[in-house]
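Enquirer: Take a look and give me a structure for this.
(2 chains)
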Amino acid sequence: MIEALSFEFMQHAIIAGILVSLASGIIGSLVVVNRMVFLAGGIAHTAYGGIGLALFLGIPIFAGASIFAVGAALLMAFLTLKHRHRIDTFIGLIWAVGMAIGVILIDLTPGYNVDLLSYLFGSILAVSLDDLYYMSGLLFAVIIIVTIWYREILSVSYDSEFASLRGINVPLFYTIILVISALTIVVAIKVVGLILVIAMLTIPVYIAEKLSKNLFGMMFLSGFIASVFTVLGLWISYTFDLTSGATIILVSAASLILFLISEKFQNR
Amino acid sequence: MLPNKTMTLIDIKNLSFGYNDERVLENIDLKIEKDDFMAIIGPNGGGKSTLLKLILGILKPQAGTIDFIGDPITIGYVPQNININTNFPVTAIEVVLMGHGGTKRPIFGYSKNETMCAMQALREVGMEEYASSRIGSLSGGQRQRVMIARALCSHPSIVILDEPTSNIDTNGQKQIYGLLKELNKTMTIIVVSHDISITIEYANKVAYINRTLSFHDMKQTKNKFSLHPQGHFCEVELLQLLGKNP
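Expert: This is a model prediction of the structure:
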């Protein structure tokens, strides 16, 4: 692994992995406590439409995916606030339509020969310097937003009805949570791919939730745990020549199983 | 506007409300006065929680009016115990701090004054030593006291509680109602409950709601009620007094 660190692509991969893990720790905590995991899955798959759009128009992938993911987040926020009782149907619909648009646009892209699997399962070893700037900017923005509006976000996440009675704009903060989740999901797709992104947003968070007293601690700990999983997964994938994104997820899942077993023994 | 002679705080007139063309409340008239300890009782689906949501402004009346007399009236709200998410990673003090809302706040976190006020509210409900405990680690009764402290944070003149003792053992219920009785010395208390016996033991007014409303002032008749062996008032007698079939 030490020799691998001399390669620029590996340096980028580790930095990207840590940046995305920290952002995922914060956003994953919000996704889990707000019970938005299905919504996050919907946004991740809808982002595929943006990837297709970006390839079709020849614009940066992050830009296309971000536009689509944020659009999906705004639509889902609106539908959740207005038609909560049918939201699962709408998410399923948006999820499928987003992916279908992506497939059709990629079909229509002339001379297209991009490896589709890299978007489905991630391509952390192909992270460019521009990608790193984007990821750094996103992490910075997420930290600023969550720090400044922590009390409102906590209040809305814990008891939205009470928050509303105390004068907090619940729809606004609910939408903000979904939009920053969408942007984080887009960069997490680069690391583990859109199929595996949900595991990255939830496994470290599940462990952190058990060990934290409050949401702030859970966000911090999730970010740390996700970073450890990502670096460990990268090391294993490099050593055994495996797909990085899938290895990161399997490392996370194995750690979760070990955690649950140790928890069971502690409770005896 | 200044409070009137009888110190009515909330005046509800001809209030009606329904969901999907089905009337849940019909022509409700009710006055809530200063220092009342009012119990709103009735069967499930009878409109108790709907009335509460109308008073809180969560729902808008379809007919009639709800007037708040006296300026300003701040209402503290304690939601149903069963709605508390016990898995949520949050400490008792953080829950109480939510009572401050989002207005007049520092750029980051909570001001020293807000934290002191939250600690004072926890002290009032006897939960100061649990300030840094995770909410899920507390018992049902303790969690409910934290929720009452959260309502106290806004310095309310009226505290409204929706089924505050559901899923709480008898001892915990008595502690909660004892606390509410103590708070009633300085503020108006409205409790929505289907647990008639313990509620009317502490209330001075009872409103029975099952689409329409029957009202009873307990001050006039409390001594006429017989007691259960446990010391509770007899539900049957109250319901008869309200003209309802027990």
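
Enquirer: rest of the way, CA atoms for contacts and neighbours
Expert: Will do.

Enquirer: okay, now the residue in the stretch 151-268 of chain A that chain B sits nearest to: neighbour count?
Expert: For the stretch 151-268 of chain A, the residue closest to chain B is residue A:214, as judged by Cα to the nearest Cα, at 4.2 Å. Counted with other Cα atoms under 10 Å in any protein chain shown, the neighbours of residue A:214 add up to 20.

Enquirer: for the one 3 residues further on, same thing?
Expert: Each residue near residue A:217 was counted by other Cα under 10 Å, and the total is 18.

Enquirer: still on that earlier bit, next one: the residue of the stretch 151-268 of chain A closest to chain B relative to residue A:99, how far apart?
Expert: As judged by Cα to Cα, to the nearest Å, residue A:214 and residue A:99 stand 36 Å apart.

Enquirer: Run through the strands of the chain in chain order.
Expert: Chain wasn't specified; assuming chain A. Counting by DSSP state E, one finds no strands in chain A.

Enquirer: my bad, chain B
Expert: For chain B, strands defined by DSSP E occupy the ranges B:8-19, B:22-33, B:37-41, B:63-68, B:75-78, B:158-162, B:188-192, B:205-210, B:212-217.

Enquirer: the helices in chain B, which residues?
Expert: For chain B, the helices defined by DSSP state H cover B:48-56, B:92-97, B:112-124, B:140-152, B:170-183, B:196-202, B:218-221, B:235-241.

Enquirer: same question, chain A
Expert: Assigned by DSSP H, chain A shows helices spanning A:8-33, A:37-57, A:61-82, A:87-108, A:117-121, A:129-148, A:150-158, A:160-165, A:170-192, A:197-211, A:215-240, A:244-267.

Enquirer: just for the chain, where's the confidence low?
Expert: Unless you meant another one, I'm taking chain A. For chain A, the stretches with pLDDT under 70 are A:1, A:112-115.

Enquirer: if you could check chain B rather than the one you did, that'd help
Expert: Across chain B, residues meeting the criterion (pLDDT under 70) sit at B:1-6, B:71, B:81-83, B:102-103, B:197-198, B:200, B:215-246.

Enquirer: residue nearest the centroid of chain A?
Expert: residue A:185 (3.2 Å; Cα atoms, centre = their mean).

Enquirer: In space, what's closest to that residue - neighbours in sequence excluded?
Expert: Nearest residue to residue A:185, sequence neighbours excluded (Cα to Cα, 6 or more residues apart in numbering or on different chains): residue A:44, at 6.1 Å.

Enquirer: tally of neighbours for the residue in the stretch 1-150 of chain A that chain B sits nearest to?
Expert: For the stretch 1-150 of chain A and chain B, the shortest gap (Cα to the nearest Cα) falls at residue A:148, measuring 5.3 Å. Other residues lying near residue A:148 total 14 when counted by other Cα under 10 Å.

Enquirer: Pretty sure it sits against residue B:110.
Expert: No. Taking contacts as Cα atoms under 8 Å, residue A:148 lies outside contact range of residue B:110: 10.8 Å.

Enquirer: Would you mind writing the CA trace of stretch A:83-93 as CSV?
Expert: Extracted in CSV, the C-alpha atoms of stretch A:83-93 (Å, rounded to 0.1, in the frame of the first residue of the first chain):
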residue,chain,number,x,y,z
HIS,A,83,-48.8,14.1,-0.7
ARG,A,84,-47.0,12.3,2.2
HIS,A,85,-49.4,9.3,2.1
ARG,A,86,-48.4,8.4,-1.5
ILE,A,87,-44.8,9.4,-1.4
ASP,A,88,-43.4,5.8,-1.9
THR,A,89,-45.2,5.6,-5.2
PHE,A,90,-43.9,8.9,-6.4
ILE,A,91,-40.3,8.1,-5.4
GLY,A,92,-40.5,4.8,-7.3
LEU,A,93,-41.8,6.6,-10.3
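
Enquirer: so who does residue A:54 touch?
Expert: Residue A:54 makes contact with A:60-61, A:63-65 under the criterion Cα atoms under 8 Å, 6 or more residues apart in numbering or on different chains.

Enquirer: quick one, phi psi at residue A:195?
Expert: Dihedral pair for residue A:195: phi -70, psi -30, per degrees, to the nearest 10.

Enquirer: how close does the residue nearest to it when sequence neighbours are not counted sit to residue A:192?
Expert: Nearest non-adjacent residue to residue A:195, counting by Cα to Cα, 6+ apart: residue A:120, 5.5 Å away. Per Cα to Cα, residue A:120 is found 8 Å from residue A:192.

Enquirer: With neighbour numbers in mind, choose between these two.
Expert: Between residue A:120 and residue A:192, counted using other Cα under 10 Å, the more crowded position is residue A:192 (30 against 19).

Enquirer: which residues touch the more buried one?
Expert: Contacts here follow Cα under 8 Å, 6+ apart; on that basis residue A:192 touches A:120-124, A:200, A:244-246, A:248-249.

Enquirer: rerun that using 10 Å as the cut-off
Expert: Residue A:192 is in contact with A:17, A:20, A:118-124, A:198-200, A:230, A:243-249, counting by Cα atoms under 10 Å, 6 or more residues apart in numbering or on different chains.

Enquirer: what residues are up against the residue nearest to the centre of chain A?
Expert: A:20, A:23-24, A:27-28, A:40-41, A:43-45, A:47, A:65-66, A:69, A:179, A:191, A:193-194, A:197-198, A:200-201.

Enquirer: these two touch, right, residue A:183 and residue A:190?
Expert: No. Counting by Cα atoms under 10 Å, residue A:190 is not a contact partner of residue A:183; they are 11.7 Å apart.

Enquirer: what's the overlap in contacts for the two?
Expert: The contact sets of residue A:183 and residue A:190 overlap at residue A:62 (Cα under 10 Å, 6+ apart).

Enquirer: any idea how far residue A:255 is from residue A:73?
Expert: To residue A:255, residue A:73 is 31 Å away according to Cα to Cα.

Enquirer: ok, the two, which is more surrounded?
Expert: When residue A:73 and residue A:255 are compared for neighbours, residue A:73 comes out ahead with 27 against 17, by other Cα under 10 Å.

Enquirer: how about the residues of chain A that lie near chain B?
Expert: Contacts of chain A with chain B, taken as Cα under 10 Å from any Cα of the partner chain, map to A:29, A:32-34, A:147-152, A:154-159, A:161-169, A:208-218.

Enquirer: out of those residues, which are buried?
Expert: For the residues of chain A next to chain B, a burial check counting by 16 or more other Cα atoms under 10 Å in any protein chain shown picks out A:29, A:32-34, A:149-152, A:154-159, A:162-166, A:168, A:208-209, A:212-218.
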